[in-house]
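Visitor: sequence and computational prediction follow.
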Amino acid sequence: MTPEIEKNWKQVLEKLNTQFGKDIDLQAILFLIGVQELGKGYQQFSKTQKVDIMHIAICTLLEQYDYYLYEGKDADNWPHWSLNEKLPPLEPYLQEQLIQQAIINYFEKQESLEINLLNQ
């Protein structure tokens, strides 16, 4: 990881740790992004819905690299993507770096390091 990415990643973690009052990890960040992108606010989700929410985050994040193409929302207002370009095989640490950089870009694009879990 480059020093700049590492610095930016630490800033994201610090901001989210402050906002949520505890140490937050990559999986938790993905869940929070997924909930935010779903736009229904925080609520009780089933185990299957939690997996779907993580998928929403991954697709949202990797869409910026043209790996996924947003298709729209279904009747229940859940977003859907199609695979646009197959992900190259990456070592686990490179996968994590790709996701971390995508999260940094996501918050830069949002122009805020805030997560809004209220109904939107």
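Guide: Now that the structure is in, tell me what you want to look at. Residues are numbered from 1 along each chain as shown.

Visitor: restrict the helix or strand that residue 5 is a member of to CA atoms and write it as PDB.
Guide: Using DSSP states H and E, residue 5 sits in helix 3-20. Output in PDB follows, covering the C-alpha atoms of helix 3-20 (Å, rounded to 0.1, in the frame of the first residue of the first chain):
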ATOM      1  CA  PRO A   3       1.900   5.900   1.900                       C
ATOM      2  CA  GLU A   4      -0.800   8.200   0.600                       C
ATOM      3  CA  ILE A   5      -3.400   5.300   0.400                       C
ATOM      4  CA  GLU A   6      -2.400   4.200   3.900                       C
ATOM      5  CA  LYS A   7      -2.800   7.800   5.200                       C
ATOM      6  CA  ASN A   8      -6.200   8.200   3.600                       C
ATOM      7  CA  TRP A   9      -7.300   4.800   4.800                       C
ATOM      8  CA  LYS A  10      -6.400   5.700   8.400                       C
ATOM      9  CA  GLN A  11      -8.400   9.000   8.000                       C
ATOM     10  CA  VAL A  12     -11.500   7.000   6.900                       C
ATOM     11  CA  LEU A  13     -11.100   4.600   9.900                       C
ATOM     12  CA  GLU A  14     -10.600   7.400  12.400                       C
ATOM     13  CA  LYS A  15     -13.600   9.300  11.200                       C
ATOM     14  CA  LEU A  16     -15.900   6.300  11.200                       C
ATOM     15  CA  ASN A  17     -14.500   5.100  14.600                       C
ATOM     16  CA  THR A  18     -15.400   8.600  15.900                       C
ATOM     17  CA  GLN A  19     -18.800   8.500  14.400                       C
ATOM     18  CA  PHE A  20     -19.700   5.000  15.600                       C
END
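
Visitor: counting by contacts, list what it packs against.
Guide: With contacts defined as 3 or more Cβ pairs under 8 Å, 6 or more residues apart in numbering; DSSP states H and E, the packing partners of helix 3-20 are helix 26-38, helix 92-110. All C-beta spots, glycine's among them, are computed from the backbone N, C-alpha and C.

Visitor: off-centre distance for it?
Guide: Centroid separation between helix 3-20 and its chain, computed with Cα atoms, centre = their mean, to the nearest Å, is 14 Å.
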